[in-house]
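Engineer: One predicted model, sequence on top.
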Amino acid sequence: MADTKKYISKEELKTHNTVGDLWISIQGKVYDVTDWGIRHPGGITPLLSLAGKEATDAFVAYHPGVVWNLLDEFFTGFHLKDYSVSEASRDYRKLVYEFSKMGFFEKKGHVGFVTLCAMAVMFSACIYGVLGCDSTWAHLGSGALMGLFWIQSGWIGHDSGHYEVMMNKGLNRFVQVLSGNCLAGISIAWWKWNHNAHHIACNSLDFDPDLQHMPFFVVSSKFFSSITSRFYERKMNFDHLSRFLVSYQHLTFYPVMCFARINLFAQSWLLLLSKRTVPNRVQEILGLLVFWIWYPFFVSCLPNWWERLMFVVLSFCFTGIQHVQFCLNHFSSTVYVGPPNGDDWFEKQTHGTLCISCSSWMDWFHGGLQFQVEHHLFPRLPRSQLRKISPFVQELCKKHNLPYNCASFWKANVMTLATLRAAALQARDLSNPIPKNLVWEAMNTHG
């Protein structure tokens, strides 16, 4: 019997890769998601990263089974010519199916509840330390505790963005806005926009925003060519200021991380005040305003300016631990330029991530990021299940000769600093130096 299906080639599919003409392939069937892009819960950025490509593995990773029933609405009638599935992807999809059948995606455990309780205790202790104690040490300790509180709010915000940590969507949304916008000053809408792009294009220098920290940090000499950020839609110029800062980035890494939260504050407002489509924009802005009312007022309750300053500095420095953790998982891993390729999306995730080895009693400290490979392959999986599935993921990687990179927290820091130092030395030794500023000349004059 003759095949009556209509086919298009991969080359033709690639031409449908813009906001106004966005097609993707899932299991060999081609879908037109142009009109769906602005309504996509994960935002249009992940769709654009995979536009004109085969995207089955990414789709499987991010969507529960019930979503498959909605695809027919977008079917173009075309099938992808010469569609094939690698053995690695085939086994990966089987593993997703098995975990789903075992109910792992629904078994959330008590991590969310325990985290919220711990946050309530820390916040209450912080309030008591400032308002109920006269001791300077109590005030400084409260500043440190505020930073640790923000770390836990970051973990619950991270979890709630990937899956429902609460009983229903409404309550989950309430926890997101409360823990992120109101209590930490970070827009959950900004986090979703940024984080979804990171997951889809893990360690792509021009598509992954988590590697785009010019002028302060670069993880590869490829940044010296002033590549264009497809996420921020602007060129990242490697100018004389960037070279100066990058040349010492391995020395400035921890000091900058102590105040990296300022960047998150700024990025939150920049998104919410931009012309981009932002779901629940008014709600997001009101949440941030709540933070910028209570936090400055709370700090003003301290008896003098020195204690107020130290409280803010300590709260920023302690939450900086989390910013370091984010960097450890990716800075020293394999990077590439260009959009993710749907044909090897699963493989790219294993190459671009680093797990942190630790005992189970330290899981609270890492917030699930210690199982970074597992988290990137199964982003919908609750944090409480990551340790349980780790042996299966390691076996899968071993079977297909894929990396499963894991290091201790100390070793991960050493690897990250080594990556930064290597790029810093390259920045100093480029054969065609760009014009240097006077500070650079002063610091590098010999004789």
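Structural biologist: Looks like it came in fine. Numbering: from 1, shown residues only.

Engineer: which residue ranges form the strands in the protein?
Structural biologist: With strands called from DSSP state E, the chain shows them at 6-8, 17-18, 21-26, 29-32, 75-80, 228-229, 234-235, 355-357, 406-408.

Engineer: could you dump the ones you listed to a markdown table with mean neighbour count, distance to residue 101 and mean pLDDT?
Structural biologist: No exception for glycine: its C-beta is placed from N, CA and C like everyone else's. Below are those laid out as a markdown table (neighbours: other CB atoms under 10 Å; distance: least, CB to CB, whole Å; pLDDT from 0 to 100):
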| stretch | mean neighbour count | distance to residue 101 | mean pLDDT |
| --- | --- | --- | --- |
| strand 6-8 | 14 | 33 | 89 |
| strand 17-18 | 14 | 35 | 91 |
| strand 21-26 | 21 | 20 | 93 |
| strand 29-32 | 20 | 23 | 94 |
| strand 75-80 | 16 | 26 | 91 |
| strand 228-229 | 15 | 40 | 93 |
| strand 234-235 | 10 | 45 | 92 |
| strand 355-357 | 19 | 25 | 96 |
| strand 406-408 | 16 | 27 | 96 |
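
Engineer: May I see these organised as a markdown table, with distance to residue 290 added?
Structural biologist: Shown next, in a markdown table, are these (distance: least, CB to CB, whole Å):
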| stretch | distance to residue 290 |
| --- | --- |
| strand 6-8 | 50 |
| strand 17-18 | 38 |
| strand 21-26 | 36 |
| strand 29-32 | 40 |
| strand 75-80 | 44 |
| strand 228-229 | 31 |
| strand 234-235 | 31 |
| strand 355-357 | 33 |
| strand 406-408 | 39 |
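
Engineer: Which one, of those strands, ends up nearest to residue 387?
Structural biologist: strand 355-357 (10.9 Å; CB to CB).

Engineer: tell me what the closest one is packed against?
Structural biologist: Judged by 3 or more CB pairs under 8 Å, 6 or more residues apart in numbering; DSSP states H and E, strand 355-357 is in contact with helix 372-377, strand 406-408.

Engineer: what comes into contact with the longest one?
Structural biologist: Contacts of helix 372-377 from elsewhere in the structure, counted by CB atoms under 8 Å, 6 or more residues apart in numbering, are 61, 92, 199, 202, 329-330, 346, 349-350, 352-356, 368-369, 381, 386, 389-390, 393, 397, 404-405.

Engineer: Redo the helices and strands packed on strand 355-357 as CSV? Include distance to residue 418.
Structural biologist: Shown next, in CSV, are the helices and strands packed on strand 355-357 (distance: least, CB to CB, whole Å):
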stretch, distance to residue 418
helix 372-377, 18
strand 406-408, 12
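
Engineer: Of the ones you listed, which is nearest residue 182?
Structural biologist: Nearest to residue 182 among the helices and strands packed on strand 355-357 is helix 372-377; the distance by CB to CB comes to 25.9 Å.

Engineer: Tell me how far the closest one lies from the chain's centre.
Structural biologist: 12 Å (CA atoms, centre = their mean, to the nearest Å).

Engineer: and it, what's its mean pLDDT?
Structural biologist: When pLDDT is averaged over helix 372-377, the result is 95.

Engineer: Nearest to the spatial middle of the protein, which residue is it?
Structural biologist: Most central in the chain under CA atoms, centre = their mean is residue 195, positioned 3.8 Å from the mean C-alpha point.

Engineer: Can you give me every residue that contacts that one?
Structural biologist: Contacts here follow CB under 8 Å, 6+ apart; on that basis residue 195 touches 158, 161.

Engineer: No further queries at this time; thank you.
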